[in-house]
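**Student:** Give me a 3D structure for the following:
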Amino acid sequence: MEQQRSRNLGKARRDRERRQRRSAAKPQARAAQAQSQSKSQPQPAQAQAQSQPKPAQAQVPPQSPPLLARLRPLPRRELRAVEEAAKVQRK
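**Tutor:** I've put the predicted structure just below:
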């Protein structure tokens, strides 16, 4: 019983971390999608991106290190540090 519960908690944590990683990857995917589909149909995400004009060059350098970090699994300590930094950025 206790083992089953701890296994479920571990699974929930893994699923939550996977969702966080996917949601962290979405801005790049959305930008790529917006470029490929800009001719076919306007998307709400695209309209939102246009309403807040930001220089594209300023956005690229901050995105490259997280992309590299995503390729290899992070140790727990580093993962926690990255999540804390993300929480601070959201505020």
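**Student:** So, low pLDDT: which residues of the chain?
**Tutor:** By pLDDT under 70, the low-scoring segments of the chain are 25-74.
**Student:** do that again at 80, thanks
**Tutor:** 1-9, 22-75, 91 (pLDDT under 80).
**Student:** other SSEs contacting whatever helix or strand A81 lives in?
**Tutor:** Counting by DSSP states H and E, the element that carries A81 is helix 76-90. Secondary-structure packing of helix 76-90 (3 or more C-beta pairs under 8 Å, 6 or more residues apart in numbering; DSSP states H and E): helix 2-37. (Glycine included, C-beta is placed from N, CA and C.)
**Student:** can you rerun that using 10 Å?
**Tutor:** Judged by 3 or more C-beta pairs under 10 Å, 6 or more residues apart in numbering; DSSP states H and E, helix 76-90 is in contact with helix 2-37, helix 56-71.
**Student:** Just the C-alphas of it, formatted as CSV.
**Tutor:** Output in CSV follows, covering the C-alpha atoms of helix 76-90 (Å, rounded to 0.1, in the frame of the first residue of the first chain):
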residue,chain,number,x,y,z
ARG,A,76,18.2,17.2,-9.0
ARG,A,77,20.2,20.0,-7.5
GLU,A,78,20.6,21.9,-10.8
LEU,A,79,16.9,21.2,-11.7
ARG,A,80,15.8,22.7,-8.5
ALA,A,81,18.0,25.7,-9.1
VAL,A,82,16.6,26.1,-12.6
GLU,A,83,13.0,25.8,-11.3
GLU,A,84,13.7,28.4,-8.6
ALA,A,85,15.1,30.8,-11.2
ALA,A,86,12.0,30.2,-13.4
LYS,A,87,9.7,31.0,-10.4
VAL,A,88,11.6,34.3,-9.7
GLN,A,89,11.3,35.2,-13.4
ARG,A,90,7.6,34.6,-13.4
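**Student:** What are the buried residues along it?
**Tutor:** For helix 76-90, the neighbour count (16 or more other C-beta atoms under 10 Å) marks no residue as buried.
**Student:** From here on, call the first residue 40.
**Tutor:** New numbering, starting at 40: the last item is helix 115-129.
**Student:** Report how many residues lie close to S62.
**Tutor:** Other residues near S62 come to 9 when the count uses other C-beta atoms under 10 Å.
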